[in-house]
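**Q** below are the sequence and a predicted model for it; my questions follow.
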Amino acid sequence: MILETRFGLVPIEHERPEPLKFAWPLILLPELFTGAIHLALARGYFASLGWEVYTPDLRVALQPRASARNSQAWGFVQLRAALLSIVEALEREVILLGHGIGGLLAIDAATDSQVKAAVALAPMLPGIRSPLLAGLANLRARRLGGKLKAPRGKVLMDLLADADPFQRETLARSLVADDSRPPSDVVLGRYEFTGGIAAPRLIVSGDSDPFAPLEMTSAFAARLGVTLRVVRGRGHWLIGGRALERTVGEVQRFLVRSLGSDLLLLYSEQWAAARDTDGEDK
């Protein structure tokens, strides 16, 4: 069952499976221009495996406030603060899993004491100008702090290339304009992403991703000391389509190996095998 709730101003969709098999919930974080509807397949897949899953809409936390209109703390810092306020409100340890800029947010927030592990799927790369931000209108938005327009044309086709064909039209219609400040902080290097002491972290990347090229993603993972796994023959849309099963498999193996039997409320031979299997890049 999918429930809708709020933490402060932030709306959250919450799915709790029966039976619940894992000790800590997943918080799923979306890519630019996407939201809970785009994460629905991934959320349902994880829930079917026994995960409790939350999908918050952090965009609400970026709405202007009179007292903060000129604040330099807007952007990625504010997005991070909004996420951690939800983690704190849950009063539980959690696992963060995000796509694109949501993935970058997940692995950056892994330094918080309530985060048990973090996974980034095709994360946005600091200092790299993503095609998702291309176009004159979006250039103006980045400079003036306005809204970014959702991708169209070839960029849209590249974004949804690995989604199921029957879903692409619905997914494309559901894209929304997005705040330019967090991604601008990332691509312009205004936010410092450092390794630091963090919970176990994983990056999963497609080897044909035009938005987070594998070579650059590998360099970023190495700089942070983060484990990298590669889904061969796939691009950016690792949250659905034919890439989803392989992506979830990589995430499951990583979490079971990293967190051990404490992760599992219902221990089974399947998860014991996943824990003991040495993962290799596919």
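**A** Yep, that arrived. Just so we're clear, the structure is a prediction, and the values are computed from it rather than from any experiment. Residues are numbered from 1 along each chain as shown.
**Q** what about S180, neighbour count?
**A** Per other Cβ atoms under 10 Å, the neighbour tally for S180 reads 23. In short, each C-beta sits where N, CA and C put it, glycine included.
**Q** isn't it right next to G145, touching?
**A** Yes - the criterion here is Cβ atoms under 8 Å, and S180 meets it with G145 at 6.1 Å.
**Q** buried stuff in stretch 205-217?
**A** Using 16 or more other Cβ atoms under 10 Å as the test for burial, stretch 205-217 gives 205-213, 217.
**Q** can you check stretch 97-114 too?
**A** 97-112, 114.
**Q** in helices, which of those residues fall?
**A** Among the buried residues of stretch 97-114, DSSP state H puts 101-108 in helices.
**Q** reformat these as TSV; add pLDDT.
**A** As requested, those are exported to TSV (pLDDT from 0 to 100):
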residue	pLDDT
I101	97
G102	97
G103	98
L104	97
L105	97
A106	97
I107	96
D108	95
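**Q** with distance to E13 as extra columns, can I get those in JSON lines?
**A** Below are those laid out as JSON lines (distance: Cβ to Cβ, whole Å):
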{"residue": "I101", "distance to E13": "19"}
{"residue": "G102", "distance to E13": "14"}
{"residue": "G103", "distance to E13": "19"}
{"residue": "L104", "distance to E13": "22"}
{"residue": "L105", "distance to E13": "18"}
{"residue": "A106", "distance to E13": "17"}
{"residue": "I107", "distance to E13": "22"}
{"residue": "D108", "distance to E13": "23"}
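**Q** closest one to S130 out of the residues you listed, please.
**A** I101 (8.8 Å; Cβ to Cβ).
**Q** these two touch, right, that closest one and P183?
**A** Yes - at 5.9 Å, I101 counts as touching P183 under the criterion of Cβ under 8 Å.
**Q** overlap in contacts of these two?
**A** Common neighbours of I101 and P183, using Cβ atoms under 8 Å, 6 or more residues apart in numbering, are 32, 124.
**Q** any weak-confidence spans in the chain?
**A** Within the chain, the segments meeting pLDDT under 70 span 63-74, 195, 266-282.
**Q** before we move on, the earlier item: most widely separated two among the buried residues of stretch 205-217?
**A** D207 and F211 (13.0 Å).
**Q** other SSEs contacting the helix ranked longest in the chain?
**A** Using DSSP H, we find that the single longest helix of the chain is helix 243-259. Counting contacts by 3 or more Cβ pairs under 8 Å, 6 or more residues apart in numbering; DSSP states H and E, helix 243-259 packs against helix 40-48, strand 115-121, strand 201-206, strand 227-231, helix 269-276.
**Q** got the angle for it vs helix 40-48?
**A** Interaxial angle of helix 243-259 relative to helix 40-48 (axes from the mean of the first three to the mean of the last three Cα atoms, to 10 degrees): 40 degrees.
**Q** which residues in the chain form helices?
**A** Under the criterion DSSP H, the chain contains helices at 40-48, 76-90, 101-108, 136-144, 153-159, 165-173, 181-187, 214-224, 243-259, 269-276.
**Q** what pairs with the spatially most central residue of the chain across the strands?
**A** Central residue of the chain (Cα atoms, centre = their mean): G98, 1.1 Å from the mean position. For G98, the beta-bridge partners are L29, A120 (DSSP bridges).
**Q** contacts only, for it.
**A** 28-30, 104-107, 119-121, 123.
**Q** what is the neighbour count of S48?
**A** 11.
**Q** wait, it sits on E18?
**A** No - counting by Cβ under 8 Å, S48 stays clear of E18, with 11.0 Å between them.
**Q** out of the helices of the chain, nearest to I197?
**A** Of all the helices of the chain, helix 214-224 comes closest under Cβ to Cβ, at 11.9 Å.
**Q** since that was my last question, I'll sign off now.
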